[in-house]
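Asker: Build me a structure from this.
(one chain, ligands or ions: 4)
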Amino acid sequence: KAKSSGKNQFVFCSQEMKEEIEQTMVITSNLYHALDRSELAIVYQPQVSIETGQIIAVEALARWYHPELGLISPAIFIPIAEHTSLINLIGEWILKESCQQIKKWHNKGLLPIRVAVNVSVNQLLNTNFVNKVMKILADTGLDSKYLELEITENIAIQESDYIFDVLSKLKALGISLAIDDFGTEYSSLNRIKLLPVDRLKIDMHFISGILNNEKDKVIVDVIIKLAKDLNLKVIAEGVETQEQLNYLLEKKCDEVQGYFFYKPLSTSDMEEVLTNLI
Ligand code: C2E
Ligand code: MG
Ligand code: MG
Ligand code: MG
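Answerer: Ligands and ions are numbered 1, 2, ... in the order given. The predicted structure is shown next:
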């Protein structure tokens, strides 16, 4: 940024900017050790079928517990990891760990749920990604039909043949694909139609506005209708109230995820929930 402002110009760096840069540097250097120091963990948030009320899947969400810095949100450390090659290592660990955990639950005779894992664009662009996923499925013994990968809308809509090819290969393995944070970018409907995806996840911004913002309501209606017309499943994220749920029920949204049902749960809490279902 400083360079682009040209010669003979003072670049002001405010105290906040300095602090932010420092924070990023501290986090980056610590992130390098997070994996080998076992500071990363995964929490699981159930996805519920609106019609049956059954848990059909869990989303794996990364958590970083640093001994001094405390709990660091993935909204902070994932973008930092994405600026380095660390996202590949971290992403691979999360994928492997969550597939392993789901398989363990299946083996215990618990409800055979799917796991949805978030994937960054850098991971998809890594030449070995499809092979890595195949190896993880083989090593953990998890059937590919129990794995869903969540890609954000901005990845999905990139007019890239390479990404299209990777998604097609993943789909051919029997994995399902979801478009996360749907509605936040400007999708070409033609692109969405061509993508080998199974599910649209309505971004929680729209869900939070569903009852008092006419425009959010319209957007949610349109996304649900789009999904139905394209034969895709549709899930709403960030459902926090009964009123929001009622609206989604009425509009025949397929699935819901949010604090109204469950917060993201630790492995042991998630196991308890699944155990209590049998
Ligand atoms: P996301 O994939 O869209 O995940 C949904 C986020 O919404 C999660 O935040 C979840 O805890 C939160 N959430 C769920 N229900 C509710 C609700 O009812 N109300 C509110 N206010 N929030 C709710 P989280 O865990 O902090 O993750 C933030 C983002 O970080 C994720 O957004 C995802 O983009 C990214 N992320 C998390 N784990 C990973 C990962 O393993 N890999 C990658 N690449 N990204 C990840
Ligand atoms: Mg997600
Ligand atoms: Mg999302
Ligand atoms: Mg998000």
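Asker: Where do the helices of the stretch 151-278 of the chain begin and end?
Answerer: 153-156, 161-172, 189-194, 204-208, 214-229, 242-250, 267-276 (DSSP state H, counting those that start in this stretch).
Asker: So which residues on the stretch 51-200 of the chain come close to ligand 3?
Answerer: 180, 181 (C-beta under 5 Å from the ion). Quick note: C-beta positions are derived from backbone N, CA and C, even for glycine.
Asker: Quick check: which of the helices of the stretch 151-278 of the chain is nearest to residue 46?
Answerer: helix 267-276 (7.1 Å; C-beta to C-beta).
Asker: In CSV, list the helices of the stretch 151-278 of the chain along with distance to ligand 2, mean neighbour count and mean pLDDT.
Answerer: Listed next are those as CSV, based on distance: least, C-beta to the ion, whole Å; neighbours: other C-beta atoms under 10 Å; pLDDT from 0 to 100:
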stretch, distance to ligand 2, mean neighbour count, mean pLDDT
helix 153-156, 11, 20, 83
helix 161-172, 16, 16, 95
helix 189-194, 17, 12, 85
helix 204-208, 10, 20, 96
helix 214-229, 16, 16, 95
helix 242-250, 18, 15, 97
helix 267-276, 16, 14, 98
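Asker: Including distance to residue 99, could the ones you listed go into a markdown table?
Answerer: Formatted as a markdown table, the helices of the stretch 151-278 of the chain follow (distance: least, C-beta to C-beta, whole Å):
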| stretch | distance to residue 99 |
| --- | --- |
| helix 153-156 | 21 |
| helix 161-172 | 14 |
| helix 189-194 | 27 |
| helix 204-208 | 26 |
| helix 214-229 | 26 |
| helix 242-250 | 29 |
| helix 267-276 | 13 |
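Asker: Let me see the contact set for residue 196.
Answerer: 167, 168, 171, 177 (C-beta atoms under 8 Å, 6 or more residues apart in numbering).
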